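S.K.: I'd like to go over a predicted model; first the sequence, then the structure.
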Amino acid sequence: EIPQEQWAQVVEKTGGPPVYKKIPVQKPGPDEVLINIKYSGVCHTDLHAMNGDWPLDTKMPLVGGHEGAGVVVAKGSLVDNIELGDHVGIKWLGGSCLNCEFCMEGDEPLCPHALLSGYTVDGTFQQYAIGKAAHVARIPKDLDLAAVAPVLCAGITVYKGLKESGARAGQYVAIVGAGGGLGSLALQYAKAMGLHTIAIDGGAAKGEFCKSLGASAYVDFTTSKDLVADVRAATPGNVGPRGVLLLAVSEGPFHQATEYVRSHGVVVCIGMPAGAYFKAPVFDTVVRMITVKGSYVGNRLDTLEAIEFFRLGLIKAPFEVVPLSTLPEIFEKMEAGKIVGRMVVDTSK
Ligand code: 8ID
Ligand code: ZN
């Protein structure tokens with residue numbers, strides 16, 4: 001029984017706050033499914049979207065959210081590979097044309113016609129969300145939907161970022177913003193991939209948390225007197241990490257990364273602080289052969305692989321489940337950098 005109306009968190013103007021209210025349930029188009037979202041992770045991107053931080057407009061009013069896990073309750077006439085009752089997830093990349101050069105190459109996040117869940121189309125901070133059948137993530141039925149939700153953006157993104165770093169088993173990677181949502185999953189994926197991690201974040205609580213997730217060292221940016229030296233000192237021979245995953249929502253760490261990354265290492269930009277620029281010294285970049293690159297979510301195969309790591313029990317990053325109605329408070333805690341790991345909302349409350 002699909003209701004006519006449902007609860008949702010709706011951003012009605014840039015800057016927010018989101019308004020908890022009843023809105024109509026949409027009907028799926030021919031190539032779409034309607035999903036009863038049970039749980040959704042809350043990503044810092046949702047806060048950037050509400051605040052209008054980026055040079056890309058959101059739809060407005062907007063239902064945010066792009067880490068939604070739930071059950072298919074209706075489908076369009078062209079959908080023949082998904083059944084009612086299947087468990088699926090809505091991720092950041094809601095849809096793409098599947099015909100352009102980027103889609104053909106498996107780079108669908110780069111598709112010029114990409115639909116962005118919770119940004120250019122309504123997302124998962126509602127009880128019933130629409131997903132394109134070609135792009136929803138398949139979730140095996142025995143998985144806990146609350147626990148798997150953060151994998152749908154944070155997990156896919158950091159798994160892809162670690163692959164883009166080129167680091168191999170036995171090598172060191174620095175995870176900047178390691179105590180946050182993406183960071184806590186990055187520590188777990190890195191460990192599962194055989195990589196050693198140096199966690200960088202602020203405060204003792206996040207330090208203990210990062211260590212509990214397997215970080216070989218923790219550097220506290222709020223107390224370190226020489227962060228570059230401390231990060232290097234955490235690698236054998238003080239040469240610095242092979243890869244750096246920049247997940248912090250702050251510009252400063254981007255510049256530090258080019259200083260401590262190992263020569264011939266790779267700096268991967270993932271966090272997107274508002275209005276930030278990345279400045280790297282040309283001399284060092286050349287003579288130390290440093291690579292700087294961006295990494296943007298992941299494709300459908302990255303999605304499948306990231307979920308498979310989770311299914312195998314290799315990813316257990318802590319999360320806290322709270323009612324969907326409390327989203328404004330989650331955003332306040334996030335803004336203050338006070339969330340350890342990921343918050344997941346239960347759409348039934
Ligand atoms: O595809 C992508 N590239 C992608 C996908 C998903 C998310 C990018 N993102 C972006 C988000 O939009 C956001 O800008 O990644 C960033 C991190 O998202 P998140 O993990 O959801 O945010 P969080 O949970 O708030 O964690 C951020 C952490 O950074 C730490 C904070 O303490 C927090 O733990 N941090 C900050 I702020 N400044 C720091 C610093 N100077 C820092 N850690 C180390 N050094
Ligand atoms: Zn996200």
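M.R.: Right, received. Where do you want to start? Residues are numbered from 1 along each chain as shown. Ligands and ions are numbered 1, 2, ... in the order given.
S.K.: By neighbour count, which bits of the lengthiest strand in the chain are buried? Give me those.
M.R.: The strand that spans the most residues within the chain, counting by DSSP state E, is strand 32-41. Taking 16 or more other C-beta atoms under 10 Å as the basis for neighbour counts, the residues of strand 32-41 that come out buried are 32-41. Yep, even glycine has a C-beta here, placed from its N, CA and C like the rest.
S.K.: got it, and stretch 7-18?
M.R.: Of the residues in stretch 7-18, those scored as buried under the neighbour-count criterion (16+ other C-beta under 10 Å) are 7-11, 16, 18.
S.K.: Next up, the contacts around the residue of the stretch 101-250 of the chain found nearest ligand 1.
M.R.: Ranking the residues of the stretch 101-250 of the chain by distance to ligand 1 (C-beta to the nearest ligand atom) places Gly180 first, at 2.0 Å. With contacts taken as C-beta atoms under 8 Å, 6 or more residues apart in numbering, Gly180 has the following neighbours: 44, 201, 247-248, 337, 339, 341.
S.K.: Just the buried subset of those, please.
M.R.: When burial is judged by neighbour count using 16+ other C-beta under 10 Å, the buried members of the contacts of Gly180 are 44, 201, 247-248, 337, 339, 341.
S.K.: Taking the residues you listed, tell me the two that lie furthest apart.
M.R.: The span of the buried ones among the contacts of Gly180, defined through C-beta to C-beta, is set by Ala248 and Gly341 at 15.3 Å.
S.K.: got a pLDDT number for Glu1?
M.R.: Confidence at Glu1, expressed as pLDDT, is 87.
S.K.: typed the wrong thing, it's Val249
M.R.: The predicted structure lists Val249 with a pLDDT of 96.
S.K.: how about the closest residue to Cys111 other than its chain neighbours, what does it touch?
M.R.: On the basis of C-beta to C-beta, 6 or more residues apart in numbering, the spatially nearest residue to Cys111 that is not a chain neighbour turns out to be Ser96, at 3.7 Å. Applying C-beta under 8 Å, 6+ apart, we find Ser96 in contact with 102-103, 108-109, 111, 113-115, 135.
S.K.: Please apply the same query to Leu195.
M.R.: Neighbouring residues of Leu195 by C-beta under 8 Å, 6+ apart: 162, 167-173, 243.
S.K.: what is the mean pLDDT for stretch 295-315?
M.R.: For stretch 295-315, mean pLDDT is 98.
S.K.: Could you pull out the buried residues of that stretch?
M.R.: Judged by neighbour count using 16+ other C-beta under 10 Å, the buried positions of stretch 295-315 are 295-300, 302-303, 305-307, 309-310, 315.
S.K.: before we move on, back to that, for the contacts of Leu195, which PyMOL command selects only the ones that are buried?
M.R.: Entered in PyMOL, the line below selects the buried ones among these, by 16+ other C-beta under 10 Å:
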select buried, resi 162+167+171+172+173+243
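S.K.: Quickly check the contacts of Leu195 for the two that are furthest apart.
M.R.: Within the contacts of Leu195, two members stand farthest from each other by C-beta to C-beta: Leu162 and Gly170, at 13.7 Å.
S.K.: about what we covered before: among the buried ones among the contacts of Gly180, which are in strands?
M.R.: Using DSSP E, the subset of the buried ones among the contacts of Gly180 located in strands is Asp201.
S.K.: and the buried ones among the contacts of Gly180 near ligand 2, which?
M.R.: Near ligand 2, judged by C-beta under 5 Å from the ion, there are no entries from these.
S.K.: For Ser299, which non-adjacent residue is spatially closest?
M.R.: Let me fix one detail, which is that residue 299 is Asn and not Ser. What sits nearest to Asn299 in space, not counting adjacent residues and going by C-beta to C-beta, 6+ apart, is Gly106, at 4.9 Å.
S.K.: show me the contacts for that neighbour.
M.R.: With the criterion set at C-beta under 8 Å, 6+ apart, Gly106 makes contact with 299-301.
S.K.: go on, Glu251?
M.R.: Counted by C-beta under 8 Å, 6+ apart, Glu251 has contacts 273, 276-278.
S.K.: How about Lys132?
M.R.: Contacts of Lys132 were listed using C-beta under 8 Å, 6+ apart, and they are 31-32, 94-95, 115.
S.K.: what residue is smack in the middle of the chain?
M.R.: A centroid search over the chain (C-alpha atoms, centre = their mean) returns Ala154, at 2.6 Å, as the residue closest to the centre.
S.K.: Tell me the confidence at that residue?
M.R.: In this model, Ala154 carries a pLDDT of 98.
S.K.: cool, Val292 as well?
M.R.: For Val292, the model assigns a pLDDT of 97.
S.K.: I'd assumed it was in a strand, is it?
M.R.: Yes - judged by DSSP: H, G, I helix; E, B strand; the rest coil, Val292 forms part of a strand.
S.K.: Map the structural domains onto the sequence of the protein.
M.R.: What automatic domain parsing lists as the domains of the chain is 5-152+298-346, 155-294.
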